[in-house]
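Novice: Based on what follows, work out the 3D shape:
(chains A and B)
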Amino acid sequence: MKIEVLSESLYSPERTFDVMKLRGKKVITSKGLVMGKVKKVIVGRKSFNIEGIIMGRKFSFKKIYIGESYFQSMSEKALILSIEPSFLLIGKKVLNNEGKVIGKVKEVMRKGDSNDFESLIVKSFWKKSFTVKSGEIKFLGKSIVLK
Amino acid sequence: MVREKISVENAGELITSDDILGKEVIDAEGDFIGIAESVFINPKNLDFVGISIDKGFLKKGLMIGKEYVKNITPYAVFLNVRPAYLLKGMDIFDIEGEKVGSVKELILRDNKNQIKKIITSLGMLKKRIEIDAQFIKSIGENVFLNVKKREIIQLMR
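Specialist: Residues are numbered from 1 along each chain as shown, chains lettered A, B, ... in the order given. The predicted structure follows:
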C-alpha cells in the first residue's frame, strides 16, 4: 500500500518500525532470558520518543517499567535489553570463595530505580538474614560467588 | 598413624583424591554441574589428567581435563569454562530476538570445549540445520545469533 508522506524529515520504513507491533512481543535480557512480554510502549509527551516500556511477566500481576537506556535493540520480533535486571538475582545461591553455599538472595537493594544495586539481602536456612555489599561480590552468574 | 615422609616437598599444600571426590563441581558461570566422581591419573608419568563428573541420575557422565579446572577448595571444584554440552536445550534467537529453534545437538572441535556447529530444526517439517559457530553472537541463558533468521535459512538452501 502506497503511503503519502507529510514530513520534514525523510521517512524510511527500513530505519523505523511500527511500534504497535511491539506490543505482545518478548522482552529478552542480554543473556537471552525471556523475561516477559511488552504490554505498553511509553512515549514522551513532548519529545515523542520512546521512553520505555511496561512489561508483564508470566504468573505475575506485577508490571515492570523498563527505561529505554536499558534497551539494546528493538524490532518487530522482540525487545532485547542491554542488561540482566538485578531483581533476577532473587533466589540465586550465594557461595563463598571456597564454593560453600552460604544462602540464597532474598532481596536486592537497588540504587534508586536503576539496575545497579548497593547490596543483597541473603537468607540462610540456619542463620539470620545478612547483607552482602556489591563490592564483596566476585562474579554474578548462575549463582553469586563472593570474594 | 605416623606417616613416613620419603620425598615430598611442600606436603602441606598438597591434596589427596579424597579432597576432590564427592565435591560439587561449579562451572565458570557459577552453575553446579555435578559431583566429582573419579580422578584420572596418567599411569606412565603419574600426572593428574582430569576428573569425571556425575551429573545426576540417568545422566551421562562427563570427563573434564585438568586444563579446565581452575581451583579446588574444601567445598568445591571450580572450572574455568562453561561446558559446551549445557547449550543443549537452550533456545536460539536471531539478532532481532526472533526464535530460530532450540539446540538439539552440538558439534565440538576435536574433544575440546569449543563449539564448531550447533544443530537445530526449523519449521513444521523440523528440517535439520547446522549453524556454524561464526554466527553465534553470545551465549548466556540462551543463544544469540549475529544474523537474521531468514539469512540462516537462505544459507541452508
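Novice: going forward, measure contacts between C-alpha atoms and count neighbours the same way
Specialist: Fine.
Novice: Tell me who's in contact with the residue nearest to the spatial centre of chain B.
Specialist: Centroid-nearest residue in chain B: B:Pro83, 1.1 Å away (criterion: Cα atoms, centre = their mean). Applying Cα atoms under 8 Å, 6 or more residues apart in numbering or on different chains, we find B:Pro83 in contact with B:Asp27, B:Asn113.
Novice: Tell me the helices and strands packed up against the longest strand along chain B.
Specialist: For chain B, the longest strand by residue count, based on DSSP state E, is strand B:32-41. On a contact count with 3 or more Cα pairs under 8 Å, 6 or more residues apart in numbering or on different chains; DSSP states H and E, strand B:32-41 meets strand B:24-26, strand B:48-54.
Novice: Name the strands paired with the next helix-or-strand element following the last one and say parallel or antiparallel.
Specialist: Downstream of strand B:48-54, the first helix or strand assigned by DSSP states H and E is strand B:62-65. Counting by DSSP bridges, the strands paired with strand B:62-65 are strand B:48-54 (antiparallel).
Novice: care to break chain B down by domain?
Specialist: B:15-82, B:85-156 (automatic domain parsing).
Novice: Output those in TSV; the columns should cover mean pLDDT.
Specialist: Output for those, formatted as TSV (pLDDT from 0 to 100):
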stretch	mean pLDDT
domain B:15-82	89
domain B:85-156	89
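Novice: Of these, which is nearest A:Lys26?
Specialist: domain B:85-156 (8.0 Å; Cα to Cα).
Novice: Quick one: residues contacting the closest residue to B:Ile41 other than its chain neighbours.
Specialist: Closest residue to B:Ile41 apart from its sequence neighbours, by Cα to Cα, 6 or more residues apart in numbering or on different chains: B:Phe48 at 4.6 Å. The contact partners of B:Phe48, by Cα under 8 Å, 6+ apart, come to B:Val39, B:Phe40, B:Ile41, B:Asn42, B:Lys66.
Novice: of all the residues in chain A, which ones are close to chain B?
Specialist: Within chain A, the positions adjacent to chain B are A:26, A:28, A:31-33, A:73-80, A:98-100, A:140-145 by Cα under 8 Å from any Cα of the partner chain.
Novice: Quick one: the helices in chain A, in order.
Specialist: In chain A, no helices are defined using DSSP state H.
Novice: thinking A:Lys147 is in contact with A:Val94, fair?
Specialist: No - between A:Lys147 and A:Val94 there is no contact under Cα atoms under 8 Å: 11.2 Å.
Novice: Give me the more crowded residue out of these two.
Specialist: A:Val94 (27 against 12; other Cα atoms under 10 Å in any protein chain shown).
Novice: Next one, pLDDT for that one please.
Specialist: A:Val94 is assigned a pLDDT of 94 by the prediction.
Novice: Excluding chain neighbours, give the residue nearest to it in space.
Specialist: A:Ile144 (4.7 Å).
Novice: ok, now how distant is the one you found from A:Ser82?
Specialist: 20 Å (Cα to Cα, to the nearest Å).
Novice: re earlier: for the residue nearest to A:Val94, which residues are in contact?
Specialist: A:Ile144 touches A:Lys92, A:Lys93, A:Val94, A:Leu95, A:Ile137, A:Lys138, B:Gly30, counting by Cα under 8 Å, 6+ apart.
Novice: Would you write a ChimeraX line that selects the buried entries of those residues?
Specialist: Here is the ChimeraX selection string for the buried members of the contacts of A:Ile144, based on 16 or more other Cα atoms under 10 Å in any protein chain shown:
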select /A:92,93,94,95,137 /B:30
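Novice: Take the contacts of A:Ile144 and keep only those in strands.
Specialist: Short answer: these in strands (DSSP E) are A:Lys93, A:Val94, A:Leu95, A:Ile137, A:Lys138.
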